[in-house]
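Asker: no sequence for this one, just the structure:
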């Protein structure tokens, strides 16, 4: 595991009272120098070209290079990690994207074990211990906050969530009996994938107390990161099933344990193992313009004009970005349409460092009016300050774009933090996934009907091009684990394919 | 996945009314021809020799051969799988050893996914659906059975188990907060590893109803497969923590889902991938007599005199057998002592096929007098009969050795199955792990003190020899998952070691 802060990435923003707002923060995953290519670039044919260095792409390059495949990684950014990366600032890892891990997430757990990153590397994020143990709820604009203990917050949220998912009197178990095979009960998929979160809320609204409704909506609005009318209810049922059909599982598996080394620490292990194999070439800061697969070798052209040739391609570009690359032959119509529609999640992730240690056990809701919807104590920095993580609202009219006006962001934080003055806000760090041209959104949350309509097509190869992403994984889809799951799937498919046959583009 | 019945292995026994008791049953994991060696055997030096073809060994050969290491697998039996293997008899897989899988078992789940063995391949084993939904309990010798519904059986067992594990008022959570890092809370390990199951029973006995006590003892006696006074209580707390600290997790993760293709089906995937790499040699029916590591190459000698040379060795021999191989230099004293003591589990696994479909949802206890302690409906055979699985008693005086007197075994089955006549018993299939010279016991259940005393030492390399086994895994130790966990650990250690340095035997 690398132990320096790493080079500064172009991604992310940091604000401090002293230096104001600045673009770019350090990251262990920023690769310098940014290219390593075969000596004779123009004639080199790689076995595999992997486009995209998120977990799917990183898993694929690790699996392919260590099994002897000459592989090139082509990445638009200056860093590995995609929608998950960490920045060590002041010796503390701020997670800019996907963060939490759990031993019930088989694919990432295997990697943590494999790279010897367990031991003392797991750290508790959300906690009711240390400090005020308080949940502040701002239900009504300009009204005083309501205060609960975190235990009471859990009771209310659990009760509300159970009402929402209990479509079958068995808390959804009959809908998704096998959480990693969520399409098993086809009839149920058809019913609940049609339903939006708004549809389902309408069915149970009369059974929710107003506090239950507020906490649940606040929490789910940043979980799906999109509009109630868009987000598929099925995706919540799937997450719930993966969480062992209960609230404590939901919280423990979803947002409790994080890595002391940061996600970029684990990502470096994958990248470094690939690199050490001697079979890895790479080109960072190389957004791809087009991919041509006309029967022989596949030709990938960067926006800068550079061309790479490979026998097979793994396209690990996120769903919401896929349509920006020109494919020849064209993308399958369903793939293209899915990408143009995009999934629902456009959440912004925003961290604050506050000179108030007692906020370690704070939870805070500011829904529906807040530009930041929900925050909680995520850790204590080496300086002894509390680090809180928050997610921005995606509701119409309050969608936060923090880099556009940092004063609005500061104000949003002050609304979330009881009795906190601006002088206590020592640092803000954020990544606006909505405005990120290489993500165009955060973790996957399909819109209603998209699972039924697109999931199969998104997983389908086209000629020599294979598609891998957490966005269309089968188990923990939209999670770190899903990226590794789908990256290893396509890596194995490619390896098997190279062993067994020569394929033309029009298969 | 292979689809024939496979060749007949020397392992296992089958009895039918027509043919009586016969040794040897078919297995997809029986490899024919049994050897594949380099052309010039006497001068060939392998990168790695793997001794033992259980899950640890199979994972190691797959990981090593596909990453370019010339590897030889040396196995005492005529089949792969070690203490887990299946026999397809009448088109139905009887699991002779380790059976159940779950998505919270990260290492085996990843393999099932990787080989595309999910989909419809998971099958429900224990069930309260289909048939009589009854649990028969024989508490007192020669007294009538007591009948419960399976739901009532679950309630009673759950209540009893909770009393047993609730050492901290939090159902053991504070003892093992991180189930895959069970040694995290060192003080707790010290306390509860000293304690035997007998010690802990004595503490809670006054709080158990007589029915709770009987069901719990019956169940745990076949779970630990040993004597109350021997078996470590810590190992139960660890299993409980892995089960999410609740009874439903305990049953769902421990004995609910099995593979339609049988464990030998999955094992063939690992073996076949290794074989297809072109880097695998193997020698079955080759028990190892000695392993010499005197600074240069390691020399492995079979009992038949055959000699193999390798740069590194992975010893995937079970704990209870390790001491039968002569190591030079000698095994670390703690390894040797651990192996001589052995773990506690000496259970016999015994299947029956009964011409009574309604028994599909039967559970049955016959403790402490029964030679078979506990049985339950495990599936329905293509012939429409019920398949029940049972485990033999390990109590002094009633330890079943089914091959020694099949009449005793038939009688033990009749005692478990209400109103069943001998004519309905169509088939008995079993593996006596206690008498198996290459296992000398079943799945690992450490005796008290062994975790504290031996676990570290068992995981330690000696010179060029690395030791991998489910018996000393960190997470699901003693489970299929643990074998894969530890196999990949040592495979990576060996690969890293071969990359970085030359090691002498006396490091």
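Answerer: Noted; the coordinates are in hand. None of these values were measured; they are calculated from a predicted model. Numbering: from 1, shown residues only, chains lettered A, B, ... in the order given.

Asker: how about the residue lying closest to residue A:306 once chain neighbours are set aside, secondary structure?
Answerer: The spatially closest residue to residue A:306, leaving aside those adjacent along the chain, is residue A:286, at 6.6 Å (C-beta to C-beta, 6 or more residues apart in numbering or on different chains). (Glycine included, C-beta is placed from N, CA and C.) At residue A:286 the chain is in coil, as set by DSSP: H, G, I helix; E, B strand; the rest coil.

Asker: who are the contact partners of residue A:286?
Answerer: By C-beta atoms under 8 Å, 6 or more residues apart in numbering or on different chains, the contact list for residue A:286 reads A:35, A:74-76, A:302-304, A:306.

Asker: distance of the residue in chain A that chain B sits nearest to from residue A:406?
Answerer: For chain A and chain B, the shortest gap (C-beta to the nearest C-beta) falls at residue A:106, measuring 3.6 Å. Counting by C-beta to C-beta, to the nearest Å, the gap from residue A:106 to residue A:406 is 40 Å.

Asker: for residue A:197, same thing?
Answerer: Plainly put, residue A:197 is 31 Å away from residue A:406 if you go by C-beta to C-beta.

Asker: starting at the chain centroid, how far to stretch A:377-386?
Answerer: Relative to the chain's own centre, stretch A:377-386 is displaced by 23 Å; criterion: C-alpha atoms, centre = their mean, to the nearest Å.

Asker: please apply the same query to stretch A:422-431.
Answerer: Using C-alpha atoms, centre = their mean, the offset of stretch A:422-431 from its chain centre is 22 Å.

Asker: same question for it, mean pLDDT?
Answerer: The pLDDT scores in stretch A:422-431 average 97.

Asker: try stretch A:14-28
Answerer: 97.

Asker: list the buried residues of that stretch.
Answerer: Buried residues in stretch A:14-28, counted by 16 or more other C-beta atoms under 10 Å in any protein chain shown: A:14-15, A:21, A:24-28.

Asker: likewise stretch A:150-168?
Answerer: Of the residues in stretch A:150-168, those buried (16+ other C-beta under 10 Å) are A:150, A:153-154, A:156-161, A:163-167.

Asker: can that stretch be found next to chain B?
Answerer: No. Figure legend: stretch A:150-168 not in contact with chain B (C-beta under 8 Å from any C-beta of the partner chain); closest approach 14.0 Å.

Asker: now do that stretch: everything it contacts.
Answerer: Contacts of stretch A:150-168 (C-beta under 8 Å, 6+ apart): A:128, A:133-135, A:148, A:171-172, A:174-175, A:192, A:200-201, A:204, A:207-209, A:211-213, A:215-216, A:219, A:236-237, A:240, A:245, A:247-248, A:250-251, A:361, A:363.

Asker: so how far is it from its chain's centroid?
Answerer: On the basis of C-alpha atoms, centre = their mean, stretch A:150-168 sits 24 Å off its chain's mean C-alpha point.

Asker: could you report the separation of residue A:97 from residue A:30?
Answerer: Residue A:97 sits 15 Å away from residue A:30, going by C-beta to C-beta.

Asker: who has more neighbours, the two?
Answerer: The neighbour count for residue A:97 versus residue A:30, taken as other C-beta atoms under 10 Å in any protein chain shown, is higher for residue A:30 (25 against 22).

Asker: what does the more buried one show for phi and psi?
Answerer: Phi and psi for residue A:30, reported as degrees, to the nearest 10, are phi -80, psi 120.

Asker: tell me who's in contact with it.
Answerer: Listed by C-beta under 8 Å, 6+ apart, the contact partners of residue A:30 are A:6-9, A:78-79.

Asker: what subset of the contacts of residue A:286 is buried?
Answerer: Buried residues within these, counting neighbours by 16+ other C-beta under 10 Å: A:74-76, A:302, A:306.
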